[in-house]
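Novice: my questions concern the predicted model and sequence given below.
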Amino acid sequence: MDELDLLARSLPDAPPPSAEVVERARARLSAAQHEPTRRSVRFGPVRPSARFDATLPSLKFRPVRRRFGWALGTAVVTIAVVMAVVTLVSNMTAVPAPVLVPPRGNDALRQLADRVAKLPDDSGAYWRRSLVDDGLTRVRAGGETFNAIFSTRLELWQPRDPGDTFQNQIEDLGLRPATPADERAWRAAGSPAKVQRVCTPGTQAGDCPKLAMKSKNPDCRYTRTVQPDGLLGDRRVGEVTVAELAALPTDDRGLREWVRGRWAAMGRKVKQTDDEVLARSRFLLEMPIRPAARAAVLRLLADLPTTDVRGRATDPLGRAGLEVDLVKGKRSFREFGKDDEVTEDHTTILDLRTGVILADVTAAGESTEGLPKGTIVDYMASTSESGWTDDRPQRPRDCRHG
C-alpha cells in the first residue's frame, strides 16, 4: 500500500485530490528525503505524580529513549505525506457551518415542572394566602395632577379540616403618592386628606368620587366562620373543596378532563375555545394543590398556544422568578385618567423553586398622559407568609366583623 492508498482510506468521504495537490505532496516528500539526519534526543526517567505513586506502587518506570529523524523509517515519512495532503485538501474543502437549533419557547416552564414534581407534599393544618394588591390611579388636588397608588392587603386562612375555622380579612390602606415626584406634587397641593380622581370626560360624578389618602386607621373588615362543606373561598374554578384539590389528577389527560369538567359544571355561557378553557388551569397555581399536580398544571400550560415564557424577571416585591404570559393573544384595556382605552400587558411571575405564583402584573401597553409605556398599573403579589402552616388564624384587632 503506498502513501496515496493510505490517504484514500483516511478520507473515505472526501473527493480525490487533484493532480496539482498530489504533485505538491510528492515534492515535499522528495525534499524531506535529502534532509540530514537529526541527532538522537534522549529523555530521562518518566516519573509518576505523587498521587499515582501512592495508588500504583507495583509499577516500575524506566528511562524511555526516543530517536527522531530518518532512522524511524519510511513509515513516518508516509504519515507526513498523508498529513500534508490532508491539510491541503482540508483547506480546499468548504466546511458547512453548524446549525444551531433554538430551544422550544416554553421549555423553561417544562423544566420548572420537572423540578416541582420532585418536591415533597406539603403539610399543615391551614393553607394561608397573604396578598398585597396595589393599583395606580390619576388624581388631582389644589391645581396639581399626579399619580397615586391604592393598596389593599388580603389574608385568607383555609383549613384542611372543614371542621376548623375559616377566616378572611381585607384591609384597605388608602392612597399614597406613587413616586417622589408625585409626593412633591401632593405636598405642593397642601397635602390634602382627600383628592379627586381624574376620570374620562362624561363620567358621572358618582362614578368619579373623591379618594382618601393614607390614614392612620385603615379600613379593615373580616369574616370568621366554620364551613362544614369545606368549600374553598376562591371560586375561580367553581365550587371545589380542599379534599378535591388534594385528589387533583397529576397526568396530562386526567388534568385536562378535570378542567373541562369544572368549566362545564360552572354553567358558564361565555363562548370559549378549548385552549381558553384549559388556560383557566392557571388559577390552580394559586390554590392548595400538591406539587405533583402543580407540575402537571405547568406542563399543561406550557403546551398551550396562549402561553409565552419571557424569561427571568423580578416581581414588584423584588423576588426573582420566571415571567410568563398566560393569556397570550388576549387584548384588554383600562381607563387611566382622561384616557379610557389604555392597552394592558399582563404577565405572571412564578417562583423558580415551587412553581407557585409570586405575582400577577399588569403594565401599560402604551403611553398616555402621566403614564409611560411599561409602567406597572396593577399587581397582586403573594407574600412570604403564604403557604401551608400549622399556625391558626387569630381574630384581628381594630378590624370590624362583617
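Specialist: Now that the structure is in, tell me what you want to look at.
Novice: what sits against L317?
Specialist: Each residue near L317 by Cβ atoms under 8 Å, 6 or more residues apart in numbering is listed here: V132, L358, A359, A381, T383. Heads up, the C-betas are built off the backbone N, CA and C, glycines and all.
Novice: so it sits in a strand?
Specialist: No: using DSSP: H, G, I helix; E, B strand; the rest coil, the secondary structure at L317 is coil, not a strand.
Novice: so where is this structure shaky, pLDDT-wise?
Specialist: When residues are selected by pLDDT under 70, those of the chain lie in 1-104, 215, 269.
Novice: list the beta-bridge partners for the spatially most central residue of the chain.
Specialist: Centroid-nearest residue in the chain, with Cα atoms, centre = their mean: L322, separated by 2.0 Å. As for beta bridges, L322 partners with R312, L350 under DSSP bridges.
Novice: mind checking how far it is from L285?
Specialist: 12 Å (Cβ to Cβ, to the nearest Å).
Novice: between the two, which contacts overlap?
Specialist: Going by Cβ under 8 Å, 6+ apart, residues that sit against L322 and also against L285 are L350.
Novice: hmm, back to that, want to throw the contacts of L317 into a markdown table with neighbour count, secondary structure and distance to G230?
Specialist: Compiled in a markdown table, these are given as follows (neighbours: other Cβ atoms under 10 Å; DSSP: H, G, I helix; E, B strand; the rest coil; distance: Cβ to Cβ, whole Å):
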| residue | neighbour count | secondary structure | distance to G230 |
| --- | --- | --- | --- |
| V132 | 17 | strand | 27 |
| L358 | 26 | strand | 27 |
| A359 | 24 | strand | 28 |
| A381 | 20 | strand | 27 |
| T383 | 16 | coil | 25 |
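Novice: farthest pair within those residues?
Specialist: Spanning the widest gap among the contacts of L317 are V132 and L358, at 11.1 Å by Cβ to Cβ.
Novice: what residues are shared contacts of these two?
Specialist: Joint contacts of V132 and L358 (Cβ under 8 Å, 6+ apart) are L317, A381.
Novice: still on that earlier bit, okay, the contacts of L317 in CSV with distance to P209 next?
Specialist: Shown next, in CSV, are the contacts of L317 (distance: Cβ to Cβ, whole Å):
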residue, distance to P209
V132, 23
L358, 32
A359, 28
A381, 27
T383, 29
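Novice: going by distance to G329, which of those residues wins?
Specialist: A359 (21.4 Å).
Novice: that closest one contacts S386, doesn't it?
Specialist: No: taking Cβ atoms under 8 Å as the definition, A359 is not a contact partner of S386, at 11.5 Å.
Novice: which residues in the stretch 151-300 of the chain form helices?
Specialist: Listed in chain order, the helices of the stretch 151-300 of the chain (DSSP state H, counting those that start in this stretch) span 180-188, 242-246, 252-265, 274-278, 291-302.
Novice: of the ones you listed, flag the one that's most buried.
Specialist: Highest mean neighbour count among the helices of the stretch 151-300 of the chain (mean count of other Cβ atoms under 10 Å): helix 291-302, with a mean of 23.
Novice: what lies in contact with it?
Specialist: Helix 291-302 is contacted by residues 106-107, 109-110, 112-114, 116-122, 245, 248-252, 255-256, 259, 278-279, 281-282, 284-285, 289, 307, 309, 324, 326, 350, 354-356 when judged by Cβ under 8 Å, 6+ apart.
Novice: buried subset of those?
Specialist: Neighbour-count burial (16 or more other Cβ atoms under 10 Å) applied to the contacts of helix 291-302 gives 106, 109-110, 112-113, 116-117, 245, 248, 250, 255-256, 259, 278-279, 281-282, 284-285, 289, 307, 309, 324, 326, 350, 354-356.
Novice: what about those, which are in strands?
Specialist: Here DSSP state E is the test, and those give V309, V324, L350 as lying in strands.
Novice: quick one: the last one and L322 touch, right?
Specialist: Going back to what we said before, that points to L350. Yes: L350 lies in contact with L322 (Cβ under 8 Å); the separation is 4.7 Å.
Novice: list the residues that contact both of those two?
Specialist: Common neighbours of L350 and L322 (Cβ under 8 Å, 6+ apart) are L112.
Novice: tell me the domain ranges of this protein?
Specialist: Domain ranges of the chain: 3-92, 107-401, per automatic domain parsing.
Novice: measure the longest one end to end?
Specialist: When you say that, I think you mean domain 107-401. Using Cα to Cα, to the nearest Å, one end of domain 107-401 lies 47 Å from the other.
Novice: where's the closest residue to D398 other than its chain neighbours relative to F336, distance?
Specialist: Nearest in space to D398, with sequence neighbours left out and distances taken as Cβ to Cβ, 6 or more residues apart in numbering, is C220 at 6.4 Å. Applying Cβ to Cβ, the value for C220 to F336 is 28 Å.
Novice: so between those two, which is more surrounded?
Specialist: F336 (24 against 16; other Cβ atoms under 10 Å).
Novice: any chance of the ones in strands among the buried ones among the contacts of helix 291-302 in TSV, plus distance to R184?
Specialist: Listed next are these as TSV, based on distance: Cβ to Cβ, whole Å:
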residue	distance to R184
V309	39
V324	37
L350	37
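Novice: and of the residues you listed, the nearest to R224?
Specialist: If you rank those by distance to R224 using Cβ to Cβ, L350 comes first, at 31.6 Å.
Novice: list the contacts of the closest one.
Specialist: For L350, the contact set (Cβ under 8 Å, 6+ apart) comprises L112, L285, L298, G321, L322, V324, V356, I357, L358.
Novice: mind doing that once more with 7 Å?
Specialist: By Cβ atoms under 7 Å, 6 or more residues apart in numbering, L350 lies in contact with L112, G321, L322, V324, I357, L358.
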